[in-house]
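1. Take a look and give me a structure for this.
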Amino acid sequence: MKTIKIFDPALCCPTGVCGPNVDPELTRVASAIFILEKKGFPISRYNLANDPAAFVEHKEVNQVLHEKGPEALPLVLVDGKVEKAGSYPSNEEFASWLGVEVKELTPDKPRNTLL
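-> Got it, this is the predicted structure:
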């Protein structure tokens, strides 16, 4: 099973989906990760503000940051290899890497039961 590690820029909280101006892209990524984790896929996220040691310990991440600077974040490792830098993976990329259907990464919308 493939492992995914996401190295986030400095965010206000571990997921980055807090505060008055929530970025819809962070919400989409957090939702996809939640769904994938429920399916048993190993996905880790590291926030530069909360876990700077992880950025130093992973030589691939450290190298990219030295070459490209913080603009390279977010950075995604799949099985230890840099697969994406500078933006979050699309649902299609998550699906391709992990062998799932894209539609599985879209949460069910609540149904209105009021008549």
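2. Neighbours of the closest residue to residue 80 other than its chain neighbours, how many?
-> Excluding its sequence neighbours, the residue lying closest to residue 80 (C-beta to C-beta, 6 or more residues apart in numbering) is residue 60, at 6.8 Å. (C-beta placed from N, C-alpha, C; glycine too.) Per other C-beta atoms under 10 Å, the neighbour tally for residue 60 reads 14.
3. so which helix or strand takes in residue 60?
-> helix 59-68 (DSSP states H and E).
4. List the buried residues for that helix?
-> Using 16 or more other C-beta atoms under 10 Å as the test for burial, helix 59-68 gives 61, 64-65.
5. Tell me the one of the residues you listed nearest residue 5?
-> Nearest to residue 5 among these, counting by C-beta to C-beta, is residue 61 at 8.3 Å.
6. What residues does the closest one make contact with?
-> By C-beta atoms under 8 Å, 6 or more residues apart in numbering, the contact set of residue 61 is 7, 54-55, 75, 77, 82.
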